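Participant: Here is my input; please provide its structure:
(3 chains)
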Amino acid sequence: MSITHYAKRFGTFTFGFVITLVISSVLGLGPTFGGVCLAADRELMLAIYSVPKEAYENTLIPAFKRHWKQRTGQDIRVRSSYGASGAQARAIIGGFEADVAVLSVEGDVDQIAKAGLITHAWRNGADRGNVSASVVAFGVRKGNPKSIVTWEDLTKPGVEVLYPNPKTSGGAMWDIIAIYGAGLKLADPKQGSAEAQAAALLKRIQKNVKVMDKSGRESVTTFERGVGDVIVTYENELLPRVKSGRPMELVLPAETILIENPAAIVDRHVEKHKVRDIAEAFVAFLHSEEAQRAFAEYDFRTVSALPVGGPPVKAFPQPAHLFTITELGGWDKVASLLFGPQGLWTRTVEELARGK
Amino acid sequence: MRRLFISLVWLYFTVLLIGPIAYLCVQAFGEGLTVFLNEVMRPEAVHGFWLSAEITLIVLLFNIIFGTVTAMVLARQRFWGQTFLSGLIDLPFSVSPVITGFMLILLVGPGTILGTWFGAMGIKILYALPAMILVTLFVTFPFVVRELTPILMAIGTDSEEAARTLGANEWQIFLRVTLPAIRWGMAYGATLTIARAIGEFGAVLVVSGNILQLTQTATLHIYQSYVDFNYVGAYAVAAVLLAVSFLILIVLELVKARSSVMTDRSSQMVSS
Amino acid sequence: MSQHTVTKLALRSAAIGYVLCLILLPLTAIGFQSFEDGLTRFMDDIQQPQAKAALTLTIEAALVATVINALFGTLSAWVLVRYDFPGRAFLNALVDLPFAVPTLVAGIMIAALYGATSPIGAWLNTGGIEVLYNVPGIVLAMLFVTMPFTIRSLQPVLMELEQDQEEAAYTLGATPWQAFWHVTVPSVLPGLLTGVFLTFVRALGEFGSVVIVAGNIPLKTQVAAVYVYGEIESYNPQGATSVSVVVLIVSFLALLLLERLTRPPGQRLPALLQQVFSAQFLVLRSNSKLNSQN
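Facilitator: Residues are numbered from 1 along each chain as shown, chains lettered A, B, ... in the order given. Modelled structure (predicted):
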């Protein structure tokens, strides 16, 4: 049999396959063709930051769909996308029609609001708009061979530090703000201004930073790949890794910041898709006791006080000197102080690159 | 000397190609066949394969049609701006995929004329299938054109002219005379197109929105798995794509072999 | 007008229309965006320490990859064409593999094998060589994706270059060195240059494999494509476009230079590019010549 013979047969088969593919796509049996499909279910589109993927995919979203069905009898479809917080915000501003934005930092939600897509005062909602919380902690290799316990330990020569890039990752912003805040707390009044000492600490730590990944999640991936001695990240990213037997340990520094992650409806899109009711229910659900307990299962700290009398939620260790973003002056002030074009962190990186 | 050279070349190939491929396959099956199959048949993975296939086939269709048209125009016609056109065709080779995706955002994003126009018509381009198809079209365009143009130039227009004088219409001429002569070149270009389309990553990363089970191609799914610490999953799906690459490679070699026979025959046709 | 002329014009409009919409339009969009605020703003953007560092790193790494590719590629082409040995056909087929493998998969493979978690990676690390998240990793990734270029552009030339020509030179009294310089090199040069320049241009834009293998420290291990990606993701389209435009200009200049250097009368760059990718060229040679050699 010649090749031509096989080729002819192959050609007919391919042709038939293509036709089937096109028809089934149009009919919605395969991936939808940009909207042309027969499905009539209402759809909620979520843009979520990278870190809590398991919590949402495995528990929260299925639970919400059940609740909605119970309440209204409707079956709904929930689409979700996970990526670096800043990247998701950018995508929404750039046209990604998410109905709800679940992000890592309030600054990213503000960006969406500034672009006119969120028109309600989202901070006036329950728990100031936040649905989950965590703290900044260290991840170290099993046995903590380099004895990393305090922020100062991160400045020691030969210690490689990891955290993501604050330009894309909300988590990285939290990490760096934590360093700065810790520096303020640790400052010795006899050695000059607290701000200067905090800036110095930031610089000494940044000097030891080897890799800055795009998102919090990717940063932990890099650490797992064997890079670095210590990773600065969310406590809730580290705990599951440790629990599942990965060769790493969690170290909670005495001074650290309370991370709070917001979730907000994107008004422009819920109006367009006519899913405001579903979106509002989803965000309300995230604040509910059931969701908060679920977050705790995934090693998040809760944002709202849980009602008395229910089963106790696991206790998280309390850092001796926990501080919040409000104490530091609020998100906007701190963000521009550190990450603006003349920001402390921005300048630190440039100075280090120039060898100063 | 000869031994040394051959060994060096083997070393080069091993370090660069054979080593990484072998290690990937080993790691993909590192936790056993069941785990491998589970990973490869997960809904997200299956969707990824399906979506990649869909995009590839659509892109292939466009490229075959427009690639042939463009090649015929370039090879046989003389007109003002021809060199410029020819230069444009080669451009996608030198544009980074991330930039490709970015250009589309600049072109049809929400604040732009085109973007608003499409939005008003209810057509979603960015963060949906159309954007992914468009960027893949951009990066795969040169392949078919560059394959067909020299062939068309080589075989000349004598046969077509003859057919024309015998009264055939344009369509008949194309189907009966031109197409048979260029089909192996077309097959080669098509194969390269398929390979490139399946492998597209940077551009779709920027324009897809990475929506699970909606706009995640196979490559995006691999990236998601990798980033979710699901290394075996990433390796498993990557191994599948690698197997597809090998298949493509085999087809490439077969077509090359076939193509020599055709070219010898067609050049005989021309000279006689 | 005859049906023929109508068809010709219709085809021409279709081709021109398609190419303009698909290729020219997006490029003008990016040109517009980067110069929207004027030339000074453009210059400012690329003078940003991070942008400058990304561009320098990318060009340097691409140059290193190009040199290595040129050396080993030439060697490989020579060995594949001139010698016959067990596994030759296998290696020859393998050369096309980087064309077929997705760049992301390439990056994952390289990161897996040469990262700290694999035996080889660990061994390299103890020897002080850190591949991942370092410049060697970037170069390695670039090498992978550009591997076929020099080899495939040299093979046809080497096949065509008859040993007879060299022998003829000897009989006319040339030394081996003279034969090499005056016979081999001029024939091989256009093919080599094509492969080298294509390698460079391709390496400049590489993203998928580098993003996995390389680190992302601004000013240290961040290549241009990753920098552009970061800028896109952080609401800085100007920064992204300006660096993109620089990379595009460098690529364009490189291709232009290649055309200048390799232009014997009548031969144009598109034709040379076609040779690299063209099936028939290689096969005509390989089937007839190789079987009768060595």
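Participant: Where do the helices of chain B begin and end?
Facilitator: Along chain B, counting by DSSP state H, helices occupy B:2-13, B:19-28, B:33-40, B:43-76, B:82-94, B:97-108, B:113-120, B:129-155, B:158-165, B:170-173, B:179-199, B:202-207, B:218-227, B:231-271.
Participant: Tell me, how many residues neighbour the residue of the stretch 251-356 of chain A found nearest chain C?
Facilitator: Using CB to the nearest CB, the closest approach of the stretch 251-356 of chain A to chain C is made by A:Ala353 at 3.5 Å. Any C-beta I mention is one placed from the backbone N, CA and C, and that applies to glycine too. Other residues within reach of A:Ala353, judged by other CB atoms under 10 Å in any protein chain shown, total 16.
Participant: can you map out the strands along the stretch 101-250 of chain A?
Facilitator: Assigned by DSSP state E, counting those that start in this stretch, the stretch 101-250 of chain A shows strands spanning A:130-141, A:161-162, A:209-211, A:230-234, A:248-251.
Participant: And the contacts of the shortest one?
Facilitator: Applying CB atoms under 8 Å, 6 or more residues apart in numbering or on different chains, the external contacts of strand A:161-162 come out as A:154, A:205, A:208-211, A:213, A:219, A:222-223, A:227-232.
Participant: between those, which is nearest C:Ile59?
Facilitator: A:Val211 (21.6 Å; CB to CB).
Participant: My guess is the closest one contacts A:Thr221. True?
Facilitator: No. Applying CB atoms under 8 Å, one finds A:Val211 not in contact with A:Thr221, separated by 10.5 Å.
Participant: more neighbours, those two?
Facilitator: A:Val211 (27 against 18).
Participant: Distance check, the more buried one against C:Leu113.
Facilitator: A:Val211 is 19 Å from C:Leu113, where distance means CB to CB, to the nearest Å.
Participant: before we move on, back to that, got the helices of chain B as TSV, with mean neighbour count and distance to chain A columns?
Facilitator: Below are the helices of chain B laid out as TSV (neighbours: other CB atoms under 10 Å in any protein chain shown; distance: least, CB to the nearest CB, whole Å):
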stretch	mean neighbour count	distance to chain A
helix B:2-13	15	25
helix B:19-28	19	13
helix B:33-40	14	16
helix B:43-76	21	5
helix B:82-94	18	23
helix B:97-108	27	6
helix B:113-120	14	7
helix B:129-155	24	5
helix B:158-165	15	20
helix B:170-173	16	19
helix B:179-199	23	8
helix B:202-207	28	9
helix B:218-227	25	5
helix B:231-271	19	6
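Participant: Figure out which of the strands of the stretch 101-250 of chain A is closest to B:Ile250.
Facilitator: strand A:209-211 (38.2 Å).
Participant: ok, and does the closest one reach over to chain C?
Facilitator: Yes. For strand A:209-211 and chain C, the contact criterion (CB under 8 Å from any CB of the partner chain) is met by A:Val209, A:Lys210, A:Val211.
Participant: And chain B, split by domain according to the record?
Facilitator: Chain B breaks down by automatic domain parsing into domains covering B:1-30, B:42-271.
Participant: Point out where the stretch 1-150 of chain A drops to low pLDDT.
Facilitator: Per-residue confidence for the stretch 1-150 of chain A (pLDDT under 70) gives these ranges: A:1-40.
Participant: residue boundaries of the helices in it?
Facilitator: A:3-26, A:53-54, A:61-72, A:85-93, A:106-114 (DSSP state H, counting those that start in this stretch).
Participant: centroid residue for chain B?
Facilitator: By CA atoms, centre = their mean, chain B has its centre lying nearest to B:Thr193, at 2.1 Å.
Participant: Poorly predicted segments of the stretch 151-294 of chain C, please.
Facilitator: C:162-170, C:174, C:176-181, C:215-219, C:234-235, C:263-294.
Participant: Taking it, what residue is nearest to chain B?
Facilitator: For the stretch 151-294 of chain C, CB to the nearest CB, closest residue to chain B: C:Gly205, 3.2 Å.
Participant: Could I get the contacting residues of that residue?
Facilitator: B:Ser94, B:Val95, B:Ser96, B:Pro97, B:Ile99, C:Ala225, C:Val247, C:Ser251.
Participant: how about the domains of chain B in JSON lines, adding mean pLDDT?
Facilitator: Output for the domains of chain B, formatted as JSON lines (pLDDT from 0 to 100):
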{"stretch": "domain B:1-30", "mean pLDDT": "91"}
{"stretch": "domain B:42-271", "mean pLDDT": "85"}
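Participant: Show me the domain layout of the chain.
Facilitator: You didn't say which chain, so I picked chain A. According to automatic domain parsing, the ranges for chain A are A:42-131+A:261-297, A:133-260+A:315-353.
Participant: Can you look at chain C instead?
Facilitator: Using automatic domain parsing, chain C is parsed into the domains C:1-35, C:38-292.
Participant: At the geometric centre of the chain, which residue sits there?
Facilitator: All of this is about chain A. For chain A, A:Tyr49 is the residue whose C-alpha lies nearest the centre (CA atoms, centre = their mean; 3.7 Å).
Participant: hm, I was asking about chain C
Facilitator: Short answer for chain C (CA atoms, centre = their mean): C:Thr199, at 2.1 Å.
Participant: name the element that one belongs to?
Facilitator: For C:Thr199, the host element (DSSP states H and E) is helix C:185-205.
Participant: what about the next helix or strand after that helix, distance to the chain center?
Facilitator: Following helix C:185-205 in sequence order, the next helix or strand is helix C:208-213 (DSSP H and E). Relative to the mean C-alpha coordinate of its chain, helix C:208-213 is positioned 16 Å out (CA atoms, centre = their mean, to the nearest Å).
Participant: neighbouring contacts of helix C:208-213?
Facilitator: With CB under 8 Å, 6+ apart, helix C:208-213 has contacts from B:97, B:199, B:201-202, B:219, B:226, C:102-104, C:106-108, C:110-111, C:131-133, C:137-138, C:140-142, C:144-145, C:223, C:225-226, C:229.
Participant: got it, and stretch A:185-202?
Facilitator: Defining contact as CB under 8 Å, 6+ apart, one finds that stretch A:185-202 is touched by A:151-152, A:155, A:176, A:179-184, A:255, A:321, A:323, A:344-345, A:348.
Participant: tell me the contacts of A:Leu338?
Facilitator: A:Pro166, A:Met173, A:Ile176, A:Ile177, A:Tyr180, A:Leu344, A:Trp345, A:Thr346.
Participant: and with 6 Å instead?
Facilitator: Residues near A:Leu338 by CB atoms under 6 Å, 6 or more residues apart in numbering or on different chains: A:Leu344, A:Trp345.
Participant: swap in B:Ile125?
Facilitator: Taking CB under 6 Å, 6+ apart as the test, what B:Ile125 contacts is B:Val108, B:Phe118, B:Ala131.
Participant: Neighbours of the residue of the stretch 1-150 of chain C found nearest chain A, how many?
Facilitator: Here the residue of the stretch 1-150 of chain C nearest chain A is C:Ala116; by CB to the nearest CB that distance is 2.9 Å. Using other CB under 10 Å, C:Ala116 has 17 neighbouring residues.
Participant: Report how many residues lie close to the closest residue to it other than its chain neighbours.
Facilitator: Spatial nearest neighbour of C:Ala116, excluding adjacent residues (CB to CB, 6 or more residues apart in numbering or on different chains): A:Gly226 at 2.9 Å. A:Gly226 sits with 16 neighbouring residues when counted by other CB under 10 Å.
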